[in-house]
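**Student:** Everything below, folded, please.
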Amino acid sequence: ADAVDNIRLYWRAPSDPLIINIPNGKLRGKDNGHYYSYESIPYAEPPIGELRFEAPQPYNHQWTEIFNATETPVSCVQWNQFQRGSDKLMGEEDCLTVSVYKPKNPSRDHFPVVVLLHGGSFMFGGSRIYGHSNFMQEGTMIVVKINYRVGPLGFASTGDKDLPGNYGLKDQRLALRWIKENIIHFGGMPDNIVLIGHSAGGASAHFHLLHEDFSQLAKAAISVSGNALDPWVIHESGRAFELGRIVGCGETTDSAKLKKCLKSKPAGELVSAVRSFLVFSYVPFSPFGPVIEPKDAPEAFLTQHPIDIITSGKFAQVPWAVTYTSEDGGYNAAQLLETNQTTGETWIDTLNDRWFDWAPYLLFSRNSMKTVRDMDEFSRNIRQQYLGDRRFSEESYLDLQRMFTDILFKNSVPKLIDLHRKYGKSPVYSFVYDNPSDVGVAQRLSNRTDIHFGTVHGDDFFLIFNTTTFRKTIRPDKEDISKKFIKMLEDFALNDKGTLTYGECNFQNNMNSTKYEVLRITRTGCKNEQYEQLP
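**Tutor:** You can find the predicted model right below:
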């Protein structure tokens with residue numbers, strides 16, 4: 001009640017709800033029938049020219065005329081896995097914007113806020129891909145979506161202070177500060193913000209939680225199918241040197257000289273160089289991503305490994321949920337069912353002859369192992385564990401998919417629960433979503449509809465932030481699940497006790513248990529489960 005009264009003190013409904021006054025001046029939004037939208041609002045200076053490969057600079061311009069906030073946000077320039085054809089280049093370099101969506105609800109003039117960090121393996125994606133209509137129909141939350149730099153332009157690093165990397169994460173953090181400071185002008189409740197991200201966005205949400213002052217920016221966070229300990233998240237620095245050689249900057253080992261050269265190249269040329277980092281198809285799916293920066297890097301975002309940060313206890317004490325789907329690895333495995341147009345074989349057939357070459361890229365063991373012998377031993381053991389002496393084939397596909405699920409998404413969850421409950425104080429929740437979609441990421445990447453993939457990466461998240469690609473029609477059970485997820489987020493943002501509920505189920509706090517407390521969400525409902533080891 002006190003928080004609501006404070007909002008009323010500082011915010012009054014404007015006479016014209018399409019005109020919003022923020023410190024930069026006035027902006028005009030759009031009336032969409034049952035909600036208002038204010039899109040493509042800059043939170044940072046365009047990261048072009050001399051600002052490329054630099055920490056973002058706050059947008060401080062004063063508008064002399066009313067800013068047009070009706071333009072659909074453009075995605076940051078990227079090599080997009082889901083773009084059809086061989087040329088996957090899309091987006092623009094001037095892309096650092098936030099978009100705000102506010103429901104029309106005559107019974108209230110202020111709303112809790114959900115902030116979205118989009119997924120895309122730190123390589124692609126954008127805020128425009130994720131829909132907000134589900135929230136607007138419920139009419140109970142303001143949605144804010146963030147665009148941030150991805151791929152080489154967001155994460156290229158030499159490992160030193162001249163080109164430290166993590167520009168995309170620094171973009172997110174600046175955007176979160178913008179939201180905290182400005183959302184009140186849109187009718188948002190700045191003390192009732194929940195951050196949610198999917199895949200790379202989920203890992204990003206976890207990274208922000210590892211900053212002690214995150215509690216000043218948001219009330220809670222949810223990492224859906226992605227966290228800071230997944231093996232594809234933390235990269236070794238130094239990729240920028242290889243990028244420089246590909247685009248014609250020579251063999252220099254001087255980071256400052258390299259950065260100057262990279263700044264002189266067209267953005268499309270730098271991003272198209274992603275092709276040279278792919279072994280086949282879109283593997284590895286994340287050739288560029290977060291790195292551990294040197295402590296002397298300007299505005300460093302991550303200077304310690306996440307495990308070291310957690311064990312230090314110096315991270316934000318806010319409620320956090322970490323999740324996965326029962327077959328998350330379908331995102332990575334399904335593309336192996338695609339046919340190689342050159343040979344006519346499926347990639348999974350070729351995998352039998354190339355396992356030791358490709359496994360380090362498929363499973364990201366190159367990120368954590370130093371020698372070829374170590375990588376080969378890991379590849380041999382993991383294949384034996386999941387397939388025994390069987391060949392890779394359509395018949396053994398589901399076991400391969402299970403391998404990907406465990407290694408890339410699930411195994412990190414109990415490890416993190418252990419760490420957070422040992423060194424943290426705030427609630428830690430977890431759920432597994434187990435309800436397959438009729439059409440999803442796996443069907444799209446494999447071009448197959450004859451295989452039952454199970455509940456794959458995104459099958460839950462696309463019920464919250466709907467996408468036209470994966471949700472043209474929706475079953476009644478999924479409509480109900482969607483409403484429950486949105487209500488879950490609203491309650492999480494408003495609740496001052498840090499509790500989390502879904503439908504009739506109350507999440508169990510892992511901090512109060514020696515076992516793993518997991519809420520299983522299925523087609524028919526939800527159920528609290530306890531495990532000594534996650535199944």
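
**Student:** C-alpha only now, for contacts and for neighbours.
**Tutor:** Will do.

**Student:** residues contacting the residue positioned nearest the centre of the chain?
**Tutor:** By C-alpha atoms, centre = their mean, the chain has its centre lying nearest to G201, at 1.3 Å. By C-alpha atoms under 8 Å, 6 or more residues apart in numbering, the contact set of G201 is L116, L117, H118, G119, G120, S223, G226.

**Student:** Go again with 7 Å.
**Tutor:** L117, H118, G119 (C-alpha atoms under 7 Å, 6 or more residues apart in numbering).

**Student:** which residues of the stretch 401-535 of the chain fall in helices?
**Tutor:** 412-423, 441-446, 461-464, 476-494 (DSSP state H, counting those that start in this stretch).

**Student:** returning to that earlier point: looking at the contacts of G201, which are in strands?
**Tutor:** Assigned to strands by DSSP state E, the following of those qualify: L117.

**Student:** Just to check, H206 is in contact with V224?
**Tutor:** No - if you go by C-alpha atoms under 7 Å, H206 and V224 don't touch, sitting 9.9 Å apart.

**Student:** Show me what Y516 bridges to in the sheet.
**Tutor:** Taking DSSP bridges as the rule, Y516 bridges to Y531.

**Student:** what ranges do the strands span in the stretch 351-500 of the chain?
**Tutor:** All strands of the stretch 351-500 of the chain, identified by DSSP state E, counting those that start in this stretch, fall at 428-434.

**Student:** got it, and the stretch 151-300 of the chain?
**Tutor:** According to DSSP E, counting those that start in this stretch, the strands that the stretch 151-300 of the chain contains are 188-198, 220-224.

**Student:** What is the last one packed up against?
**Tutor:** For strand 220-224, the contact count by 3 or more C-alpha pairs under 7 Å, 6 or more residues apart in numbering; DSSP states H and E identifies strand 188-198, helix 200-209, strand 320-325 as packing neighbours.

**Student:** strands paired with the first one, and their directions?
**Tutor:** Using DSSP bridges, strand 188-198 pairs in its sheet with strand 111-117 (parallel), strand 220-224 (parallel).

**Student:** any idea how far the first one is from the chain center?
**Tutor:** Computed by C-alpha atoms, centre = their mean, to the nearest Å, the separation of strand 111-117 from the middle of its chain amounts to 14 Å.

**Student:** By neighbour count, which bits of whichever helix or strand comes after it are buried? Give me those.
**Tutor:** Per DSSP states H and E, the first helix or strand lying C-terminal to strand 111-117 is helix 133-138. For helix 133-138, a neighbour-count test (16 or more other C-alpha atoms under 10 Å) marks S133, N134, F135, M136 as buried.

**Student:** where does the stretch 101-250 of the chain dip in pLDDT?
**Tutor:** Within the stretch 101-250 of the chain, no stretch has pLDDT under 70.

**Student:** about what we covered before: and which of the buried residues of helix 133-138 is nearest to R380?
**Tutor:** R380 lies nearest to N134 out of the buried residues of helix 133-138, by C-alpha to C-alpha, at 45.4 Å.

**Student:** contacting residues for the closest one?
**Tutor:** I464.

**Student:** Relative to Y101, how far out is it?
**Tutor:** 11 Å (C-alpha to C-alpha, to the nearest Å).

**Student:** can you confirm V100 is in a strand?
**Tutor:** Yes - checked against DSSP: H, G, I helix; E, B strand; the rest coil, V100 lies within a strand.

**Student:** Beta-bridge partners for it, please?
**Tutor:** V100 forms beta bridges with Y38, V144, as assigned by DSSP bridges.

**Student:** need the contact list for it.
**Tutor:** S37, Y38, E39, V143, V144, K145.

**Student:** Correct me if wrong: the third one contacts Y101.
**Tutor:** No - at 8.0 Å, E39 and Y101 do not qualify as touching, with contact defined as C-alpha under 7 Å.

**Student:** what residues go with each domain of this protein?
**Tutor:** 2-318, 336-409 (automatic domain parsing).

**Student:** okay, how far is it across the last one, tip to tip?
**Tutor:** Domain 336-409 has an end-to-end distance of 18 Å (C-alpha to C-alpha).

**Student:** before we move on, back to that, figure out which of the helices and strands packed on strand 220-224 is closest to F356.
**Tutor:** With C-alpha to C-alpha, the closest approach to F356 among the helices and strands packed on strand 220-224 belongs to helix 200-209: 26.3 Å.
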